[in-house]
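[1] what shape does this take:
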Amino acid sequence: MTTTAGRSDRAAGLPSGWAADPIQAGFLLYDRPPTPELRDEMSRIPGDPSRPILAVQGSGSRGSALEAAAAAFAAMPALGRPDPGDGPRPVRLLLPELAPRHAQRLAERHSLDLIATSGLLKVHPACVVTWGFSENKPAAYWQWHRYVPGGRPRPAGAVYPSPRWDTAMAGADTEIPLRGLGMTAGRIAAGLTVYRDESSAAGFLRRAAGLRPDPERPTVAIAPTVAGSAVPAVLESLLGTLPAAATRSLRLAWPGAMSRGARPGLAELCRRHGIEIVAPDTALVQDPGSGALLAWGPQGLGRWLRMSSGGHAEALGPLHPAPRWQPLARATLIRYSGEAGVDEVPAGLRLRCSDDPVTARLTASVPPDEARVTLFADGDAARSGDRAVLERLLDQLPVSLARSFRLVMHGAAAGGPRAYGQWLANRYSAHVTVADGAPGDPTRWTDFRLQESPAFPPARPPAPASDHERASKPAHAPLTAVLPPRPRPQDVLVAGHHREGEATPAPVEAPSHAAVPPPMTAPPVTQSRSPDPVPRAETASSPPERASAPASVPVRAVFPRGHRSTAEERRRFREEGGTRRDTHQAVVSRLLTERPALRGALSREPADAIATDLSALRAYLSGDLPDLDPALRSGEPGERAAEAACVISALRLLTAERGPVFRTADLGGPRAAGYVPGQVLVEPAFVRATGRAPARQGDTLFAVWSRTARRIGLLDAGDDPGEVLFAAGSLFAVLAVDQGARRVVYLDERIRVDAPADPAKSGPATLERLRAAVAGHAEPPAPDAPAADGFALCLDDAGRRFTSARISADERP
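    Have a look, this model is predicted:
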């Protein structure tokens, strides 16, 4: 069968107006050009080499679609059968609500071994489900049937491809009486429902029929009329009735099943039967489109937890099954190298352009979308710097995520055709949904798609507010509009626990946006602070730098942050890697096997390149590259340049640490004068620090607000799981210096040397956070404490400051 420009040749014998295109699993038959969404949906259908699929998408009557399907079978005699003489052709027909008599007639007339359904169809990631509901028979199990010439229809399950648990349950009854409990367990596509009376549970059964199956385990959805005290007995009865292969792992759709009060009972059940249970810790809301289940209760987003056969619980997230974008988002998080920290949040990724408390609250309140990642960007779309940070992240997203995503960013929806959201849609050829709007309108999301429009920003963009103004008033109040609406009663699968004999409770609804606590903004810098828990010594003043200040040493980073090692640099490192190179290589190989995400995050790079970079980093952390830091601080790295290149390249693979970290050093008096508040300094070498309480050694404590330091616990053999590493060439702004029994130098990591460093303009909130973190840890060194082995950050041995010689706002990390 041939096609031209997406349309079939009329000689193929299809009815007028119909065409067929090949898809991964077979053919798509249609009477209107498929939309990109439909083609994307068809592309997700897995193929079966032994049984091709004919998917029918018609806009007219069911009879015309059936006629087109029959014509397609006649026009494609080789469909499903390479050898025309080898019996009935095996085919799966995706045509919803096909009456059994019509399916049997197709099998007879066209010699088909046909699998079809009289129910509805839903394409999920990696599976196709048939389901349905009948008011006359609420508990009826809808499934595929197999039709062959001269034979009787045979059931073929509800899920394609059939999961192992579904195959194991194929021989079980579709209705299982739970003896002694007065209840019935009935089959649904996702697994089982448990209810007392079919007629009174009709609404629950309708919603349960549309649940999205979990490919790893059957779902046990329990009606709200079943008392919570009876659930353990229900599970015991099912475990004793169903095949063992179907019950090794169960998903329990019951509100609060993993709450603290109910968790011990489930843990005992898992240990006794050696099974695994996945269940929520709060109420459940069902997504009417995807059928996924969201843990959402009176306090907002909840969690699904997995209880192991040993009785140990592991948090999974608020949506189950997990959204399909999650693995790619996590891979992006691992490899991200940009101008701001990136964190994983329930709905996607948070990009920390600033430390906005409103965005922080929203990340814990906005439910995830099953199909699209949500990006939370601190800052404002009116500021070019904040836009550039977001665009750098979008440039590193996989294409499948960047072409359709949700964005929470203040001001991104304003401006109509000149909105920043529209500019993003045009630049990335994407479907962008932006959250913005007025408080009190909790459902206001604005869609933007590719179209011709004026460039962004507008001719007269609004003047950005100063950091002082932003700290003095609640920021981004309109973003409360992205909180979800109250779920409709029909969206709530199960409502909550209630006692036997009581009426079915009203659905538990999600809280409105007013339930979210008010923003906690930082006080104005002119406002007096509350006393510190530990009295703080007088802070050094911040006068302009005087001529008597220590001299500066201009330096530049040998490699930018995010540098990717070249083949030549890796070759040189391997040649000069020392006698323990093979030891580090073996450890890294084992790590990559145990944590494939490290390799998968950079799947386009050769595996040996990733292993070499990580081996270099581990060699550095183990002390096997002792000359690297001194060479970098001397300004003449020479032969050590290849080592630095590979270590910096390896840091791309690790997770960034955002927040306070500490480091100690012995400075003495004169060198401490090199730290002048308001200056931005550079450290040419790598810098190790810790997120744990600082050690009581050294006369100086460095309190640093980290934005891009990488967590190195995976590779470091030390006993500090909170240890982090800053890349060589990192920039630090001096915020303040406290002169007391132990000197404390407060530093704020910066991305660009031209970023404002005046604490009164750019760092009040950061300085407050650092001081709060230091409180209680500024004691002088213990009498018997060893000398601190850390060098003075950003100062050479003579006390001269390292300042940037070349890094500019235009230089990309």
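
[2] tell me the contacts of Leu407?
    By CB atoms under 8 Å, 6 or more residues apart in numbering, Leu407 lies in contact with 374-375, 377, 390, 421, 424, 432-435. For every residue, glycine as well, the C-beta is placed using N, CA and C.

[3] who's it bridged to?
    Listed beta-bridge partners, Leu407: Leu375, Val434 (assigned using DSSP bridges).

[4] for it, give me the pLDDT.
    For Leu407, the model assigns a pLDDT of 93.

[5] again with the one 3 residues further on
    In this prediction, His410 carries a pLDDT score of 87.

[6] can you give me the neighbour number for it?
    Other residues within reach of His410, judged by other CB atoms under 10 Å, total 24.

[7] now do the helices in the stretch 201-350 of the chain.
    202-209, 231-241, 263-273, 326-335 (DSSP state H, counting those that start in this stretch).

[8] hmm, back to that, now render the contacts of Leu407 as TSV, adding neighbour count, distance to Val647 and pLDDT.
    Converted to TSV, those look like this (neighbours: other CB atoms under 10 Å; distance: CB to CB, whole Å; pLDDT from 0 to 100):
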residue	neighbour count	distance to Val647	pLDDT
Thr374	26	34	93
Leu375	25	30	93
Ala377	25	30	88
Leu390	24	28	91
Gly421	25	39	93
Leu424	24	35	95
Val432	30	37	94
Thr433	21	40	92
Val434	27	39	93
Ala435	26	39	86
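
[9] what's the closest of the residues you listed to Ala71?
    Nearest to Ala71 among the contacts of Leu407 is Thr433, at 39.8 Å by CB to CB.

[10] what's the closest residue in space to the closest one that isn't next to it in sequence in contact with, if anything?
    Among residues not flanking Thr433 along the chain, Arg406 sits closest, at 4.6 Å (CB to CB, 6 or more residues apart in numbering). By CB under 8 Å, 6+ apart, the contact set of Arg406 is 347-348, 369, 372-375, 432-435, 445.

[11] if you set the cut-off to 7 Å instead, what comes out?
    Arg406 is in contact with 369, 372, 374-375, 433, counting by CB atoms under 7 Å, 6 or more residues apart in numbering.

[12] turn the contacts of Leu407 into TSV, columns for distance to Ala586.
    Formatted as TSV, the contacts of Leu407 follow (distance: CB to CB, whole Å):
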residue	distance to Ala586
Thr374	40
Leu375	39
Ala377	41
Leu390	40
Gly421	49
Leu424	45
Val432	46
Thr433	47
Val434	48
Ala435	48
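
[13] those: which two are farthest apart?
    Leu390 and Thr433, at 14.8 Å, using CB to CB across the contacts of Leu407.

[14] quick revisit: closest one of the contacts of Leu407 to Arg335?
    Leu375 (16.1 Å).

[15] where's the closest one relative to Cys353, distance?
    11 Å (CB to CB, to the nearest Å).

[16] for Trp144, same thing?
    From Trp144 to Cys353 the distance is 50 Å (CB to CB).

[17] and for Trp254?
    From Trp254 to Cys353 the distance is 41 Å (CB to CB).

[18] those two: which is more packed in?
    Between Trp254 and Cys353, counted using other CB under 10 Å, the more crowded position is Trp254 (26 against 23).

[19] so which strand or helix has Ala773?
    helix 764-774 (DSSP states H and E).

[20] for that helix, which helices and strands make contact with it?
    In terms of contact count using 3 or more CB pairs under 7 Å, 6 or more residues apart in numbering; DSSP states H and E, helix 764-774 is assigned the packing partners strand 659-665, strand 700-706, strand 730-738, strand 743-750.

[21] that helix to strand 743-750, inter-axis angle?
    Relative orientation of helix 764-774 versus strand 743-750 (axes from the mean of the first three to the mean of the last three CA atoms, to 10 degrees): 130 degrees.

[22] can you pull the contacts of the residue lying closest to Gly274 once chain neighbours are set aside?
    Leaving aside its sequence neighbours, Gly274 sits nearest to Ser309 (CB to CB, 6+ apart; 4.8 Å). By CB under 7 Å, 6+ apart, Ser309 lies in contact with 270-271, 274-276.
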